[in-house]
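[1] Everything below, folded, please.
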Amino acid sequence: MKKEIRLSVVAVVLSVWVLIINIPGTVFALGEYDGVWAGSETINVPDYGLMTETTGTVIYQENLNTLNFWDSEFGSVDLIRFGNEWKLDSPLQTNYMGYAVTITSMIMTFSTSNSSMTGTITAQVPELAVTATGTFSHTKQTC
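    Purely as a prediction, here's the structure:
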């Protein structure tokens, strides 16, 4: 329930932000993937089990080949285009649920219509001595 409320608040704040930055006279280019995306995320941590949650993601396309992916759980990640996929260029140090985490792999693929996307993520959690894997599937939200 709290995550649904948090996701709703994020969507409203971002919608207001989009309205503000598109005030006449302001130049702002929106990329084809920009927007608020929401959907399920399943994380598998060996010896700790599966965790599935609905999460919100904000995507900002910096240029033709760089996509910024922001998730409330682990922050901001830049992905680089490789053909039809967007991938993490190099390992990223971040925090996830209070643990120091190294994201070693992240791959994202968009549907032909850019209305949905799927992806995988692999992360090492040294404090727990585990490698976690995750999948996500999000749809683009409309205002």
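
[2] strands paired with the strand of greatest length in the chain, and their directions?
    In the chain, assigned by DSSP state E, the strand with the most residues is strand 49-63. Looking at strand 49-63 with DSSP bridges, its partner strands are strand 35-45 (antiparallel), strand 66-71 (antiparallel).

[3] Of the ones you listed, which is nearest residue 131?
    Comparing the strands paired with strand 49-63 against residue 131 with Cβ to Cβ, the closest turns out to be strand 35-45 (8.7 Å). C-beta here means a position set from N, CA and C on the backbone, and glycine is covered the same way.

[4] list the buried ones in that closest one?
    Applying a neighbour-count criterion of 16 or more other Cβ atoms under 10 Å, one finds 35, 36, 37, 38, 39, 41, 43, 45 buried in strand 35-45.

[5] okay but the fifth one is in contact with residue 139, surely?
    Just to be clear, that refers to residue 39. Yes - the criterion here is Cβ atoms under 8 Å, and residue 39 meets it with residue 139 at 5.7 Å.

[6] who touches both of those two?
    Each of residue 116 lies in contact with both residue 39 and residue 139 under the rule Cβ atoms under 8 Å, 6 or more residues apart in numbering.

[7] just to revisit the earlier point, may I have the longest strand of the chain exported as PDB, CA atoms only?
    C-alpha atoms of strand 49-63 as PDB (Å, rounded to 0.1, in the frame of the first residue of the first chain):
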ATOM      1  CA  GLY A  49      14.500 -15.800  -1.500                       C
ATOM      2  CA  LEU A  50      12.500 -13.900  -4.100                       C
ATOM      3  CA  MET A  51      11.200 -10.400  -3.600                       C
ATOM      4  CA  THR A  52       8.600  -9.000  -6.000                       C
ATOM      5  CA  GLU A  53       7.400  -5.400  -5.900                       C
ATOM      6  CA  THR A  54       5.900  -2.700  -8.100                       C
ATOM      7  CA  THR A  55       8.200   0.100  -8.700                       C
ATOM      8  CA  GLY A  56       8.300   3.400 -10.600                       C
ATOM      9  CA  THR A  57      11.100   4.300 -12.900                       C
ATOM     10  CA  VAL A  58      11.900   7.600 -14.600                       C
ATOM     11  CA  ILE A  59      13.700   7.500 -17.900                       C
ATOM     12  CA  TYR A  60      15.500  10.500 -19.500                       C
ATOM     13  CA  GLN A  61      17.200  10.000 -22.900                       C
ATOM     14  CA  GLU A  62      20.300  12.200 -22.700                       C
ATOM     15  CA  ASN A  63      21.200  11.700 -26.400                       C
END
